[in-house]
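>>> Structure of the sequence below:
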Amino acid sequence: MNTMNPMIRRACLPNKNNKVFDFLMYSGFAIPPSVDLPFKQLSNDGKEINISRSKKMDSQFFKQQDVRSGNYIDFLLKMTSLRDKQQPNVFRGTPLYINKNSKVAFGGCLIGQAASAAVCSVPQGQLLHSFHNSFLNAGRQGCIDYRVETVRNGRIYCNRIVHAEQNGKTILNMQVSFKKDEAEPFQHQRTMPDCKKPEELLSIEKLIEKKLSEDLSEEQDMFKDLHITDPVVEFRPVDEETLYRLKPLPPKSLLWMRITEKQGEDENFHRCAVATMSDCNMLSTVILPKENGLKRFRLASLNHSMWFHNNVRADDWLLYETESSYAGGGVGFCTGRLWTQDGVLAASVSQEGVVRSLL
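Below you'll find the model as predicted:
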């Protein structure tokens with residue numbers, strides 16, 4: 001085991017001297033706000049109406065954690081080694097916060113932690129190459145233990161299996177492949193979609209503020225719930241209608257995203273962070289053909305796979321291209337591609353999940 005790996009954390013223990021860790025949350029990313037969010041609406045005569053709602057969450061949870069504001073993913077991916085003679089590769093993830101509206105952990109957080117645990121078990125120079133993940137049970141608030149099995153240590157490739165365990169249950173199994181860099185002249189890739197650059201687009205926060213200024217009648221409550229922004233990850237939809245979902249759309253989406261705070265140079269950290277973000281906006285692509293789909297379906301991830309093709313930085317803009325080729329029988333399937341701004345295909349993704357009608 002590489003005991004000097006930067007993703008290994010010394011301890012997962014509370015520190016009473018830590019400052020309060022406050023976050024605003026983008027719905028679906030499960031990062032909690034602990035302040036009142038102001039929601040403002042313009043009446044038909046142009047006057048501003050205060051429709052403020054309390055979004056206070058359990059800030060006491062963050063008082064116990066050694067976390068800098070705006071850097072939740074860095075905190076999330078730290079691992080505590082629980083090594084002993086019987087189990088040399090067991091790691092404990094940092095405590096998960098569960099938003100009160102969702103009650104269970106965001107799947108991307110589990111993916112990121114499981115991949116990070118696997119990273120802690122391989123030698124330096126081995127890069128996260130691919131993983132195939134199955135969600136078995138819901139993650140709850142608190143720490144999760146990750147037991148890493150060594151399947152193979154090869155000259156170029158290493159293989160691991162990760163079992164995530166919490167409260168006596170296995171909640172996730174992940175097969176992980178690592179690979180050293182190789183120089184190979186033969187290569188090809190698809191062409192990046194031609195679309196607006198992130199500098200030309202509005203953030204989700206600005207788009208929701210824009211919608212809240214309109215007279216939306218019954219849709220107003222839905223947009224109030226969306227007006228919860230995560231300062232850790234910024235999202236900018238290419239087509240704002242894929243965010244609003246007020247009319248049927250083709251099951252495909254383009255979304256720019258990045259971590260807002262600059263990170264270090266560790267390539268495996270960036271790949272684990274991108275893996276965390278890859279669960280955002282993925283399964284919801286399946287229900288774009290249905291008007292107001294977010295209110296009409298229950299969604300839950302079943303499995304998630306990812307392949308890294310090139311080096312990537314989570315703190316640079318990435319274009320997330322997602323599409324769904326099938327939905328039926330209570331499940332939906334979608335695929336995705338992550339592009340750098342200069343058109344390099346950084347990673348490919350696939351996901352299957354529960355898609356059940358509520359009406």
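
>>> Give me the packing partners of the helix or strand containing Trp307, helices and strands only.
Using DSSP states H and E, the element containing Trp307 is strand 297-308. Here strand 297-308 touches helix 107-119, strand 127-135, strand 345-357, going by 3 or more C-beta pairs under 8 Å, 6 or more residues apart in numbering; DSSP states H and E. (C-beta placed from N, C-alpha, C; glycine too.)

>>> Which residues belonging to stretch 320-335 are considered buried?
Tyr320, Glu321, Thr322, Glu323, Ser324, Ala327, Gly332, Phe333, Cys334, Thr335 (16 or more other C-beta atoms under 10 Å).

>>> excluding its backbone neighbours, what's nearest the fourth one?
Pointing back at Glu323 there. Excluding the flanking residues, the one nearest Glu323 by C-beta to C-beta, 6 or more residues apart in numbering is Lys252, at 4.0 Å.

>>> residue contacts, the nearest residue to Leu201 once chain neighbours are set aside?
Spatially, and ignoring its direct neighbours in sequence, Leu201 is nearest to Arg236 (4.3 Å; C-beta to C-beta, 6+ apart). By C-beta atoms under 8 Å, 6 or more residues apart in numbering, Arg236 lies in contact with Pro198, Leu201, Leu202, Ser203, Ile204, Leu255, Trp256, Met257.

>>> CSV please, covering these and showing distance to Leu128.
CSV is the format used below for the contacts of Arg236 (distance: C-beta to C-beta, whole Å):
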residue, distance to Leu128
Pro198, 25
Leu201, 29
Leu202, 32
Ser203, 28
Ile204, 28
Leu255, 22
Trp256, 23
Met257, 19
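
>>> Phe106: which of these is nearest?
Met257 (14.6 Å; C-beta to C-beta).

>>> and Phe269, that one's in a helix?
Yes: looking at Phe269 with DSSP: H, G, I helix; E, B strand; the rest coil, it is inside a helix.

>>> what about it, neighbour count?
23 (other C-beta atoms under 10 Å).

>>> Per-residue pLDDT of it, please?
Here, the pLDDT recorded for Phe269 equals 96.
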